[in-house]
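Enquirer: 3D model of this:
(4 chains, ligands or ions: 2)
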2 protein chains.
Amino acid sequence: MNRMNFIKPAIPETTLRRLLYYMRCLRTYKKDGVKTVLSDNIAKKCGVKSSVVRKDLSYFGEFGVRGKGYDVDELCHKLDTMLNSLGPINTIVIGAGKLGTAIINHSKENFKTNIIAAFDKNRDKTGKNINGVPVYSLDKLEDIIKENNIKIAVIAIPPCEVQPVVDRLVSAGIKSILSLALLPINVPEGVEVSFFDVLSEVEYLFLKLNFKES
Amino acid sequence: MNRMNFIKPAIPETTLRRLLYYMRCLRTYKKDGVKTVLSDNIAKKCGVKSSVVRKDLSYFGEFGVRGKGYDVDELCHKLDTMLNSLGPINTIVIGAGKLGTAIINHSKENFKTNIIAAFDKNRDKTGKNINGVPVYSLDKLEDIIKENNIKIAVIAIPPCEVQPVVDRLVSAGIKSILSLALLPINVPEGVEVSFFDVLSEVEYLFLKLNFKES
DNA sequence: TATACTATGTGATTGTGAGAACAAGCACAT
DNA sequence: ATGTGCTTGTTCTCACAATCACATAGTATA
Ligand SMILES: NC(=O)c1ccc[n+]([C@@H]2O[C@H](COP(=O)([O-])OP(=O)(O)OC[C@H]3O[C@@H](n4cnc5c(N)ncnc54)[C@H](O)[C@@H]3O)[C@@H](O)[C@H]2O)c1
Ligand SMILES: NC(=O)c1ccc[n+]([C@@H]2O[C@H](COP(=O)([O-])OP(=O)(O)OC[C@H]3O[C@@H](n4cnc5c(N)ncnc54)[C@H](O)[C@@H]3O)[C@@H](O)[C@H]2O)c1
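Expert: Ligands and ions are numbered 1, 2, ... in the order given. The predicted structure follows:
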């Protein structure tokens, strides 16, 4: 049963993406001791229109006071509670190289995501910790996934190595894979794959620049 | 003058993104010696519908033969020519740490993007090469940008360091910034900023999973 | 308490992209 | 030469997301 059914209609995917951004922005306000914010403050910081912020928040409830704005602590708390009610955001990273290490370190600053473990096939890397995250050999893959009920995995290994690992991830119960290798992946129905690539983004920005310039 | 004006109407941003993916996919076909492909072959590999592939390609011209499909070499060549006509895709990376290094190495495999230089404020890192890419101190920033007419920069330094660097990038003529630090950035009108973050994506996938499960 | 003011929340409208269905055109066999 | 089969290119429809406009409900002030 979907524990988020109390959220009435289907929530746009774009709204979900922005929501995470708002929350990070709110945490900053909170840290800076700001008491109240207007939808327009959040909007400016996140580069969207204030009406978008209000509409997005309205999918989850009424948090503001008309004529006044939003209480930062309260809004933060309510959104966090909602997120926490979905359970912990646990994940694993495959590949403890430069990229994998950078991601693990990154997760220690200001994120909700817990990286439970990393995996590497190189014996020099296994058995150690990276910033508190244990690095295991691939033997342990299935056990760790099942013990921790992991549903999401991040892949940061060379492209040619990807498919066999994906197959193991899927049969161990992973439902969503984020691949940093830009290689098409075969997965059965019901498993979601997304790709993530800095250089693709650069190339996209390049195309965009070339369309806009006068 | 926009050198891509021959592309008639405004091309959807989603189409531009997918186009890059198609091209990478086609390069693989070419390398594997495949002669012709159908829109459906490309579609399956890229995880979209065949009608989307055809529509996307149709923004740029007619490349296929009805009843037969697309000639891989020809399609590759025509798309590459189009891309090349826009000039080289040059960029720089700020921060030669784990992440910056991973990106530089990554750029050597199968991408159109040339990373012209990296910059770091740590004297231990400057003056060396990473996989053929020189690492300079920040002193050289403006010179390199202007000499090479760089328009796009990738930022891979700690969040607290970002804003001053951004200011320098902007006044040196950078038009598009890809930040890997999730901190709101102030830039003048006309400069585009995008953010890119693996862990945000994980959190988004988490939300999506929680909305879909039965 | 009344009045003006301010910012939220939401219903209505517009715009845009995805998908399906169909028309068009080429290759090949007969 | 002509017909058949196949896949492209394109049109049309639908769904969804962004935007707008305004009613709503609080605050502040006199
Ligand atoms: N998407 C992006 O933006 C992006 C950016 C940089 C790099 N990359 C990709 O990420 C990959 C890793 O980059 P890196 O800089 O960390 O490289 P790296 O060489 O530093 O690390 C790769 C690690 O993966 C491990 N490994 C290899 N095969 C494995 C397997 N089958 N199972 C488990 N571990 C395995 C290696 O032992 C090594 O520790 C690169 O191949 C590149 O394609 C993607
Ligand atoms: N968006 C993502 O997906 C993602 C993933 C991993 C890390 N990160 C971010 O990227 C940053 C870098 O990660 P890393 O693992 O490479 O860290 P790192 O410590 O290995 O490297 C940081 C590098 O930046 C250099 N630097 C610091 N300040 C600088 C300045 N003002 N100008 C030029 N260079 C400067 C340092 O000398 C160092 O070499 C992290 O702070 C993290 O926030 C983002």
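Enquirer: who's in contact with residue A:54?
Expert: By CB atoms under 8 Å, 6 or more residues apart in numbering or on different chains, residue A:54 lies in contact with A:39, A:64. Where C-beta positions appear, they are placed from N, C-alpha and C, glycine not excepted.
Enquirer: Using CSV, list the CA coordinates for the host helix or strand of it.
Expert: Here residue A:54, judged by DSSP states H and E, is contained in helix A:50-58. Presented in CSV, the C-alpha positions along helix A:50-58 are these (Å, rounded to 0.1, in the frame of the first residue of the first chain):
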residue,chain,number,x,y,z
SER,A,50,6.6,32.3,-6.8
SER,A,51,3.3,30.9,-8.1
VAL,A,52,5.1,27.7,-8.9
VAL,A,53,6.4,27.4,-5.4
ARG,A,54,3.0,28.0,-3.9
LYS,A,55,1.3,25.5,-6.3
ASP,A,56,4.0,22.9,-5.6
LEU,A,57,3.6,23.2,-1.9
SER,A,58,-0.2,23.1,-2.2
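Enquirer: Report the distance from it to the chain centre.
Expert: Mean-position distance between helix A:50-58 and its chain equals 21 Å (CA atoms, centre = their mean, to the nearest Å).
Enquirer: and that helix, anywhere near DNA strand D?
Expert: Yes: using CB under 7 Å from any atom of the strand, we find that helix A:50-58 touches DNA strand D at A:51-52, A:55.
Enquirer: which of these has the most neighbours?
Expert: Neighbour counts for the residues of helix A:50-58 next to DNA strand D, by other CB atoms under 10 Å in any protein chain shown, peak at residue A:52, which reaches 16 neighbours.
Enquirer: Correct me if wrong: that one contacts residue A:42.
Expert: No: the pair residue A:52 / residue A:42 is not scored as a contact, 9.7 Å apart, by CB atoms under 8 Å.
Enquirer: Show me which helix runs longest in chain A.
Expert: Using DSSP state H, we find that the single longest helix of chain A is helix A:13-31.
Enquirer: Let me see the residues that make contact with that helix.
Expert: With CB under 8 Å, 6+ apart as the criterion, helix A:13-31 contacts A:37, A:41-42, A:45-46, A:48, A:52-53, A:55-57, A:59-60, A:72-73, A:75-76, A:79-80, A:83, A:110, B:182, B:184, B:200, B:203-204, B:207-208, B:211.
Enquirer: Distance-wise, check the residue of chain A found nearest ligand 1 relative to ligand 2.
Expert: For chain A, the residue closest to ligand 1 is residue A:97, as judged by CB to the nearest ligand atom, at 1.6 Å. To ligand 2, residue A:97 is 12 Å away according to CB to the nearest ligand atom, to the nearest Å.
Enquirer: go on, residue A:196?
Expert: Taken as CB to the nearest ligand atom, the span from residue A:196 to ligand 2 is 8 Å.
Enquirer: quick one: contacts for that residue?
Expert: Residue A:196 touches A:178-180, B:196, B:198, B:201, counting by CB under 8 Å, 6+ apart.
Enquirer: And the residues you listed, which two are furthest apart?
Expert: A:179 and B:196 (14.9 Å; CB to CB).
Enquirer: got the domain boundaries for chain A?
Expert: A:13-84, A:89-200 (automatic domain parsing).
Enquirer: Say whether chain B is contacted by stretch A:124-144.
Expert: No: for stretch A:124-144, no contact with chain B is found by CB under 8 Å from any CB of the partner chain; the gap never falls below 10.5 Å.
Enquirer: Dihedrals phi and psi, the residue nearest the centre of chain A?
Expert: Nearest to the mean C-alpha position of chain A, by CA atoms, centre = their mean, lies residue A:113 at 6.9 Å. Torsion angles at residue A:113 (phi, psi; degrees, to the nearest 10) stand at phi -80, psi 130.
Enquirer: Relative to residue A:106, how far out is it?
Expert: 10 Å (CB to CB, to the nearest Å).
Enquirer: list residues touching both of these two?
Expert: Contacts common to residue A:113 and residue A:106, judged by CB under 8 Å, 6+ apart, are residue B:199.
Enquirer: which element follows the host helix or strand of residue A:101 toward the C-terminus?
Expert: Counting by DSSP H and E, the element that carries residue A:101 is helix A:98-107. Where DSSP H and E defines the elements, the next helix or strand beyond helix A:98-107 is strand A:113-119.
Enquirer: Quick check: phi and psi on residue A:69?
Expert: Torsion angles, degrees, to the nearest 10, at residue A:69: phi 120, psi -150.
Enquirer: show me what contacts it?
Expert: A:36-39, A:41.
Enquirer: Chain A: helices as residue ranges?
Expert: Ranges of helices in chain A, per DSSP H, are A:13-31, A:39-46, A:50-58, A:72-84, A:98-107, A:141-147, A:162-171, A:198-212.
Enquirer: Please work out which of those helices is packed deepest.
Expert: helix A:98-107 (a mean of 23; mean count of other CB atoms under 10 Å in any protein chain shown).
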